[in-house]
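Novice: Give the three-dimensional model of this entry:
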Amino acid sequence: MVFFGEYQLSFSAPGRVVLPKKLRELLKGNMFVITKGFDSCLAGYDKDDWENRAKSLLDVSLLEKEQIEKRRFLFSSTMYLEIDDQGRFVLPRTLLAYANLSEKVIIVGIGDHFEIWNPEKWSKYLKDIKN
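Specialist: Numbers count the residues shown, from 1 in each chain. Next up, the predicted model:
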């Protein structure tokens, strides 16, 4: 399973957007996991893949502050979302606010997962990495 491509989409209702078919076909079933990503975007994972990754995050020492901070950041915002028959899903308000999403989004494949970006932030990110 390799997520790839860049897709610009509009919300069809508050927080509701369609996951592109090419990405949707890579998911097992009609559920996926979404969580806060780095750089103020959201990160989406296949449910089974996320659960395997989560196990490795639980194997770190509770005495390492950096590891605990990563766990708090990821697990506190992790949600299971359901995709309807038209490929739509609804992002929770807290995640919409975190990623500053309102009318349009950019969904990009990142190999082992996909990310959901505010279009202006994605454009700025691309400019910044060119320099």
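Novice: what's Phe38 sitting at in phi/psi?
Specialist: Dihedral pair for Phe38: phi -80, psi 160, per degrees, to the nearest 10.
Novice: and what of Val90?
Specialist: phi -120, psi 130.
Novice: and Ser40, how many neighbours does it have?
Specialist: 14 (other C-beta atoms under 10 Å). (Each C-beta comes from the backbone N, C-alpha and C, glycine too.)
Novice: Is it in contact with Lys121, as I believe?
Specialist: Yes: shown here, Ser40 and Lys121 form a contact pair, counting by C-beta atoms under 8 Å, at 6.1 Å.
Novice: tell me, what's touching the two both at once?
Specialist: Each of Ala99, Asn100 lies in contact with both Ser40 and Lys121 under the rule C-beta atoms under 8 Å, 6 or more residues apart in numbering.
Novice: what about the strands in the protein?
Specialist: 6-10, 16-18, 31-36, 42-46, 79-82, 88-90, 104-109, 114-117 (DSSP state E).
Novice: so which of those is the most packed in?
Specialist: Greatest average neighbour count among those goes to strand 114-117 (a mean of 24), per mean count of other C-beta atoms under 10 Å.
Novice: what's the spacing between that one and its chain's center?
Specialist: On the basis of C-alpha atoms, centre = their mean, to the nearest Å, strand 114-117 sits 5 Å off its chain's mean C-alpha point.
Novice: Name every strand pairing with it and say which way it goes.
Specialist: strand 42-46 (antiparallel), strand 104-109 (antiparallel) (DSSP bridges).
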